[in-house]
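**Student:** The following block contains a protein sequence and its predicted model.
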Amino acid sequence: MGIGIRGVHRIKATGRRILRRPVAQQFTPAVVQKEILSGITVALALIPESLAFAAIAKVNPMVALYTSFCMAIVIAIAGGRPAMISAATGSMALLMTSLVANHGVEYLFAATVLTGVLQFSIGLFKLEKVFSFIPQSVIAGFVNGLGILIFVAQIQQFAGEPWQMPVMVAVTLAIVYIFPRITKAVPAPLVAIIAMTIVAIGLKLPIRRVGDIGEITRNLPSLHFPNVPFTLETFGIILPYAVTLAIVGLLESLLTAALLDDLTDTSSSRNQETKGQGIANIVTGFLGGMAGCGMVGQSIINVRSGGSRRLSTGVAGAFLLFSIFALRDWVQQIPMAALVGVMIMVAFETFDWRSLTTWRKTPMPELIVMPLTVGITLLTHDLAKGVVVGVLVSLLIFGWQAANVRVTASLGQGDTKVYALSGQLFFGSTSQLIEQFTYRDDPPQIILDLHHAHLWDFAAASSLAKIISKYHQFHKQVRLVGLTPEGAAALRRAGLPPEQMILRTDRLHSQVA
């Protein structure tokens, strides 16, 4: 995604080598060092984003920081996708603003716990399979829309800044892309952040720092039960928010996991990730945090910096807490220019540049899905809405294409006419089927050959029953051959007698032919 063909192949090759190694060999000192440094890099990038998301949700900045810490730690243990980062996100923060404004932050904590319970239940009953129906064109629209949103958000950071800001951003990008050619022992984004911080402090540059975004205190998270009445009224207030947060959180988390699977050529457990997200949100809610989910940008930073295991995710959460408690004064001095540069790199890494080169090979109906998903995402600033619209349009396109049923007529032996049906028979394809038969002029014996058709639902069975009924009005006999057992059962429920149906067998098919 944006790192070039060589970069993608290099990351995939690394993933394959890791899978083939014994566990003991996977945690050599060099690997542990790389995991720790990549986790530190992610933690430093999480701080300003968490503060910004707190402002969106209209909560205390520490609520978002606690969220990022808790989510990263718990998902490192309970998640199903190694190296994936889960924390407070903008899309989730947008969904909870009205809850906080109308009912207060305590209801947010309760909604976060309920969100986790719902997500864990989805994983427990393996309902996460529903999310596997998201088409590739929608996924491309998701990552492209996210990449553009990240880039636009960074460009907006330049407003009102002195000339030193764009210079530092350019230098940060240069370090990020050039330093790996010198050595990969230390993540280039971490080197850029440290170097720019030293320059900003040493030269006393008049640019914004992390401390200007929001106040960071040294208070540690503690066990906190939401201070809300445990009544049906409370449940009715938080349930709609929890359902939305659970679906959006899983949508973004599973899409992020799929993206990392593709980047690293490794596999992850959707079911484990679903349950892990639920456990993480339950713990977060009881520690005074808001609902979070998987983060594409931070996950790519982690992989780009060399992280490939759960250790890097855990280190990100642990170092975030350490930064809050022990390094607060230093962290607050990090220039926003350095983090903007790193996030611009993430924007380019996130965007699926290959989708721009394959559009000529894509069928026209599917071609509109990706830009439509991107457009809705940019218009609403909501990834979930873009994905939902993309999926719905994809379903309509699929239904339109699947509704194409062909009916071929031929004369059989004697006074027999054979209608061969091919295609998918369901509610969307059978509405015009009744008009394709010449009931009055056909011979006395009619055979409907369904060897190359599949009957899916009761609506299709009812349509076939109507066709047979119309032939009966003209005193003509109809047999259906080539039925599957499921199709025969649907026709029996539609009122068709079994003696008119012949199940699908090669012998009967050759007899009809």
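**Tutor:** Ah, there it is.

**Student:** Could you use CA atoms for every contact and neighbour count after this?
**Tutor:** OK.

**Student:** buried residues in stretch 123-142?
**Tutor:** Gly123, Glu128, Ile134, Pro135, Ser137, Val138, Ile139, Ala140, Gly141, Phe142 (16 or more other Cα atoms under 10 Å).

**Student:** May I ask you to confirm that the last one is in contact with Ile376?
**Tutor:** No - using Cα atoms under 8 Å, Phe142 is not in contact with Ile376; the gap is 10.0 Å.

**Student:** who touches both of the two?
**Tutor:** Shared contacts of Phe142 and Ile376 (Cα atoms under 8 Å, 6 or more residues apart in numbering): Gly386.

**Student:** Phe235 belongs to a helix, doesn't it?
**Tutor:** Yes - with DSSP: H, G, I helix; E, B strand; the rest coil as the criterion, Phe235 is part of a helix.

**Student:** which one among the buried residues of stretch 123-142 gets closest to Thr234?
**Tutor:** The closest of the buried residues of stretch 123-142 to Thr234 turns out to be Gly123 (Cα to Cα; 25.0 Å).

**Student:** secondary structure element for that closest one?
**Tutor:** Element membership of Gly123, judged by DSSP states H and E, is helix 105-124.

**Student:** Report all helices and strands that that helix contacts.
**Tutor:** The helices and strands touching helix 105-124, judged by 3 or more Cα pairs under 8 Å, 6 or more residues apart in numbering; DSSP states H and E, are helix 97-103, helix 232-264, helix 270-286.

**Student:** distance between the second one and the chain's centre?
**Tutor:** Average the C-alpha atoms of helix 232-264, do the same for its chain, and the two points are 9 Å apart (Cα atoms, centre = their mean, to the nearest Å).

**Student:** tell me the mean pLDDT over it?
**Tutor:** Average pLDDT, helix 232-264: 91.

**Student:** Over to the shortest one?
**Tutor:** Within the predicted structure, the mean pLDDT of helix 97-103 is 91.

**Student:** circling back: among the buried residues of stretch 123-142, which one lies nearest to Leu356?
**Tutor:** Nearest to Leu356 out of these is Ala140 (Cα to Cα; 10.0 Å).

**Student:** For the closest one, which residues are in contact?
**Tutor:** Going by Cα under 8 Å, 6+ apart, Ala140 touches Asp352, Ser355, Met370.

**Student:** between the residues you listed, which has the most around it?
**Tutor:** Tallying neighbours with other Cα atoms under 10 Å puts Met370 at the head of those, with 26 neighbours.

**Student:** about what we covered before: let's have the contacts of Ala140 in a markdown table, adding distance to Glu215.
**Tutor:** Below are the contacts of Ala140 laid out as a markdown table (distance: Cα to Cα, whole Å):
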| residue | distance to Glu215 |
| --- | --- |
| Asp352 | 36 |
| Ser355 | 41 |
| Met370 | 40 |
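
**Student:** if we can go back for a sec, so for Gln119, which of the helices and strands packed on helix 105-124 sits nearest?
**Tutor:** Minimum separation from Gln119 across these (Cα to Cα) falls at helix 270-286, 4.6 Å.

**Student:** any residues touching the closest one, and which ones?
**Tutor:** With Cα under 8 Å, 6+ apart as the criterion, helix 270-286 contacts 66-67, 70-71, 74-75, 78-81, 109-124, 126, 128, 223-226, 250, 253-254, 257, 290-293.

**Student:** what about the spatially most distant residue from the centre of the chain, distance to Gln157?
**Tutor:** Ranked by distance from the centre of the chain (Cα atoms, centre = their mean), the top residue is Gly414, with 58.9 Å. Distance, Gly414 to Gln157, by Cα to Cα, to the nearest Å: 82 Å.

**Student:** got it, and Arg310?
**Tutor:** Distance from Arg310 to Gln157, counting by Cα to Cα: 32 Å.

**Student:** before we move on, what about Ile300?
**Tutor:** Distance of Ile300 to Gln157, given as Cα to Cα: 21 Å.

**Student:** who has more neighbours, these two?
**Tutor:** Comparing Ile300 with Gln157 by other Cα under 10 Å, the one with more neighbours is Ile300, at 26 against 15.

**Student:** Just confirm that one is within a helix.
**Tutor:** Yes - the assignment for Ile300 is a helix, going by three-state DSSP.

**Student:** Right, I'll call it a day here.
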